[in-house]
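Peer 1: Would you be able to build a 3D model of this:
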Amino acid sequence: MNNNRSSQLDFLIGTGIHDITGPAAEVGMMGYSMPHQKTAGIHMRLRSRAFIIALHDRSKYVAIVSADLGMIFQGVKQQVIKKLKANAELSDLYDDENVLLSANHTHSGPGGYSHYSLYNLSILGFDKVNFECIVDGIYESIFKAHKNLSEGSIFINKGELKNAGINRSIEAYNLNPQEERDLYKNDTYNDTNKEMVLLKFVTKDGDEIGMLNWFAVHSTNLGNTNKLISGDNKGYASYLFEQSKRTDYMADKTFVAAFAQAEAGDVTPNIWGYPNGTDDFKRMETIGLRQYNVARSLYKSANEKLMVNLDYRHVYLDLSKVSIDSKWVNGDNDIHTCDPAIGFSKLSGSTEDGIGVEFIPEGMTFDEVTFPPFTLVPELQECHKEKRILIPTGDKEPFYFTQVKLPLQIMIIGQLAMLAVPFECTTMAARRLKKSVTDGFSAVGVEHIVIAGYANAYAGYVTTREEYAAQHYEGASTHFGPYTLNAYQQKFNEMAKSLENGEPMDSGPVPPDLSDKQKIHPIGVLFDLEPPGKNFGDIHTNAQPAYSKGQTVKVVFWGGHPRNDLKIQETYLKVECKSGNEWISIAYDWDPETKYKWERSGIAFSKITIEWTIPEKVGTGEYRIRHFRHSKSFWSGDIEPYNGTSRSFTISE
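Peer 2: From the prediction side, this is the model:
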């Protein structure tokens with residue numbers, strides 16, 4: 001029996017949001033693993049969005065975070081927990097078990113923030129500045145949410161979103177048994193999960209303070225040629241929702257809208273074809289708008305109240321050492337996972353979202369006759385079956401390539417259960433994983449189950465056994481061999497039974513803290529120089545005297561390197577409108593109609609380009625663009641602020 005139901009009518013609920021935008025210049029981006037894709041500006045700032053839920057008597061708390069990041073890595077979770085423990089107000093309330101950190105999987109954020117080296121290779125090392133920016137921002141969002149706790153209710157709703165994604169690995173999906181695929185031949189499911197599950201947070205006084213939803217689609221509309229930091233389609237959807245609720249990003253208490261990630265492993269948003277570098281932002285806005293529109297409709301009609309029930313389980317599992325019971329592998333015996341390795345087809349990238357090494361195709365299996373039957377790691381090949389092994393990974397010294405001891409987490413809030421998984425889960429794999437916990441959950445009143453993806457750590461992909469055999473990108477990226485999913489099913493089933501019976505579980509083998517093992521750092525800013533006769537903030541290319549709505553204003557400043565100051569909870573730019581004798585700010589570097597771009601000129605000159613595409617909603621009148629940043633002195637090494645202002649210009653219809 002579950003002992004955590006409360007006699008109170010409401011939870012305690014709180015929301016918080018904080019900036020996590022890392023260095024906007026010369027840091028490799030996390031997601032596509034392309035060395036040439038380095039940050040060179042901002043399209044939209046990245047945010048951490050936190051939701052705290054507690055029982056009325058404060059006997060149990062949970063913290064749920066959705067962050068505009070490619071992945072959550074174990075080191076991030078470890079350091080966030082350390083900061084929470086160091087806060088006397090929070091130290092006894094939050095730990096690994098009841099904090100869920102997830103990423104919306106944007107591929108347009110700065111990388112280098114993993115303690116496992118495989119994920120830092122294309123970035124050329126660990127970036128301490130970005131890591132600390134992410135950790136601090138996530139912590140601050142949780143702290144804000146906790147400070148904002150008040151009595152309130154949570155409502156749940158579900159609905160369909162049919163035109164925001166397609167299965168990018170349909171050949172592998174179709175290898176799943178026909179009778180299993182037939183179970184999902186309807187508009188909501190078919191070969192992707194088209195269901196959005198949404199939570200609405202309302203205080204006892206009727207104040208709407210937050211929205212959190214899960215929907216499965218990759219955040220990859222912006223392709224691997226983009227160099228502007230952005231939350232991609234989910235970040236854009238969050239922005240639209242927050243704008244509709246007049247969110248103040250500078251305030252400690254404001255409305256928060258998170259579009260969290262689900263089982264997106266084989267779901268691409270690129271329904272028009274491969275990102276072409278020309279239409280990417282327009283297509284990103286379309287997919288984001290479609291998510292926003294469905295979320296707004298579900299939010300307005302949400303009337304099913306979550307009962308006041310709160311529980312959770314969190315364990316670590318060594319995925320390289322799992323013996324799997326025959327019930328999870330069709331009666332077969334002596335089935336187990338493998339020491340981790342990745343396959344050759346991982347190098348191909350996802351050919352629908354981000355092509356990798358072009359001469360290496362998806363589907364490179366070990367037993368195909370069209371390719372020499374070699375393997376680079378013979379001692380692991382038999383265990384990994386169809387995967388033609390490229391390289392063994394794992395957490396051995398001195399490289400610490402990938403994590404092996406992985407966190408699994410279940411959170412129950414009323415009728416909703418979240419399965420927090422540290423991997424990218426394909427559509428059918430998620431269905432099987434959900435089924436593995438259904439029996440145990442029915443006894444505790446769970447009616448809705450979501451996959452909370454990219455959560456708490458990261459360990460590649462998980463496919464079904466049948467999909468794995470195809471060795472598409474997803475199968476080649478499934479680290480622990482063909483029965484990885486079965487191992488997860490087995491452990492999540494144990495966790496569900498633990499919740500059903502109200503029994504504790506052993507926490508399992510805790511992964512090491514590798515913070516003192518990070519020795520490779522990208523080069524920082526040595527100094528900034530001004531061109532002869534120029535000062536920082538001076539104009540290189542000014543605005544035109546007049547524009548019409550829909551046109552783009554472009555101003556180029558001489559400036560300094562963005563790494564000198566990340567402008568957390570601030571902005572690198574402002575668009576200002578003249579009102580009487582005052583200038584009123586109307587747009588910032590987090591607004592999608594602006595673009596802030598950096599480029600190196602010469603050895604140490606920086607050109608800062610600010611673009612503003614004039615929205616139809618703005619009024620006619622007089623406007624200007626301002627730029628704010630810091631420069632690093634060649635002589636003293638001091639970092640000093642500067643600013644620049646464009647000429648004023650008029651806007652007409």
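Peer 1: Please enumerate the helices of this protein.
Peer 2: Using DSSP state H, the helices of the chain run over 74-86, 128-147, 170-173, 178-182, 232-244, 280-301, 378-384, 427-442, 465-470, 473-476, 484-501.
Peer 1: mean confidence score for the last one?
Peer 2: Rounded to a whole number, the mean pLDDT of helix 484-501 is 96.
Peer 1: Of all the residues in it, which ones are buried?
Peer 2: With burial defined by 16 or more other Cβ atoms under 10 Å, the residues of helix 484-501 counted as buried are 484-500. Just so you know, the C-beta spots here come from the backbone N, C-alpha and C atoms, and that holds for glycine as well.
Peer 1: so what strands line up beside the helix or strand bottoming out on mean pLDDT in the chain?
Peer 2: Sorting the helices and strands of the chain by mean pLDDT, DSSP states H and E puts strand 349-350 at the bottom, at a mean of 88. Paired strands of strand 349-350, with direction, are strand 354-355 (antiparallel) (DSSP bridges).
Peer 1: Gln544: what's it in contact with?
Peer 2: Residues in contact with Gln544 (Cβ atoms under 8 Å, 6 or more residues apart in numbering) are Val553, Phe649.
Peer 1: ditto for Arg624
Peer 2: Arg624 sits next to Ala543, Val575, Glu576, Lys578, Trp583, Thr645, Ser646, Arg647, Ser648, Phe649 when contact means Cβ under 8 Å, 6+ apart.
Peer 1: make it 6 Å
Peer 2: By Cβ atoms under 6 Å, 6 or more residues apart in numbering, the residues touching Arg624 are Glu576, Ser646, Ser648.
Peer 1: which residues touch the nearest residue to Phe399 once chain neighbours are set aside?
Peer 2: Leaving out its chain neighbours, the residue that sits closest to Phe399 by Cβ to Cβ, 6 or more residues apart in numbering is Ser117, at 5.4 Å. Counting by Cβ under 6 Å, 6+ apart, Ser117 touches Phe399, Tyr400, Phe401.
Peer 1: State the distance from the first one to Ile389.
Peer 2: Spelled out, that is Phe399. Look at Phe399 and Ile389: by Cβ to Cβ, to the nearest Å, they are 16 Å apart.
Peer 1: same deal with the second one?
Peer 2: Taking Cβ to Cβ as the measure, Tyr400 falls 19 Å from Ile389.
Peer 1: domain assignment for the chain?
Peer 2: Domain assignment of the chain by automatic domain parsing yields the ranges 11-311+408-460+499-515, 539-652.
Peer 1: Any chance of a markdown table for the ones you listed, columns distance to Asp318?
Peer 2: Converted to a markdown table, the domains of the chain look like this (distance: least, Cβ to Cβ, whole Å):
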| stretch | distance to Asp318 |
| --- | --- |
| domain 11-311+408-460+499-515 | 5 |
| domain 539-652 | 37 |
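Peer 1: winner for burial among these?
Peer 2: Of all the domains of the chain, domain 11-311+408-460+499-515 has the most neighbours on average by mean count of other Cβ atoms under 10 Å, namely a mean of 21.
Peer 1: Any idea how far apart the tips of that one sit?
Peer 2: Distance across domain 11-311+408-460+499-515, first residue to last, is 37 Å (Cα to Cα, to the nearest Å).
Peer 1: Could you check how far it is from the centre of its chain?
Peer 2: Here the centre of domain 11-311+408-460+499-515 is set off from its chain's centre by 6 Å, with Cα atoms, centre = their mean, to the nearest Å.
Peer 1: low-confidence ranges in the stretch 1-150 of the chain?
Peer 2: Along the stretch 1-150 of the chain, segments meeting pLDDT under 70 span 1-9.
Peer 1: now Ile413: how far from Asn213?
Peer 2: Distance from Ile413 to Asn213, counting by Cβ to Cβ: 14 Å.
Peer 1: Am I right that Gln424 is in contact with Val462?
Peer 2: That one is not Gln; residue 424 is Glu. No. Using Cβ atoms under 6 Å, Glu424 makes no contact with Val462, being 7.1 Å away.
Peer 1: hmm, back to that, and Phe399 and Ile389? Which one has more around it.
Peer 2: Legend: neighbour count by other Cβ atoms under 10 Å for Phe399 and Ile389, higher for Ile389 (22 against 13).
Peer 1: residues contacting the more buried one?
Peer 2: Taking Cβ under 6 Å, 6+ apart, we find Ile389 in contact with Ala341, Thr375, Leu376, Val377, Leu380, Gln381.
Peer 1: Likewise for Tyr32?
Peer 2: Applying Cβ under 6 Å, 6+ apart, the residues near Tyr32 are His107, Asn224, Gly354.
Peer 1: what's the pLDDT at the last one?
Peer 2: The score at Gly354 is 89. That number is its pLDDT.
Peer 1: isn't it right up against Asn224?
Peer 2: Yes. Counting by Cβ under 6 Å, Gly354 sits close enough to Asn224 to count as a contact (4.7 Å).
Peer 1: What are the phi and psi values at the residue of the chain most remote from its centre?
Peer 2: Residue distances from the centre of the chain (Cα atoms, centre = their mean) peak at Gly533, which lies 44.1 Å from the mean C-alpha position. Phi and psi for Gly533, reported as degrees, to the nearest 10, are phi 80, psi 10.
Peer 1: measure it to Ser631 for me?
Peer 2: Using Cβ to Cβ, we find Gly533 at a distance of 16 Å from Ser631.
Peer 1: same check, this time on Ile154
Peer 2: According to Cβ to Cβ, Ile154 and Ser631 sit 47 Å apart.
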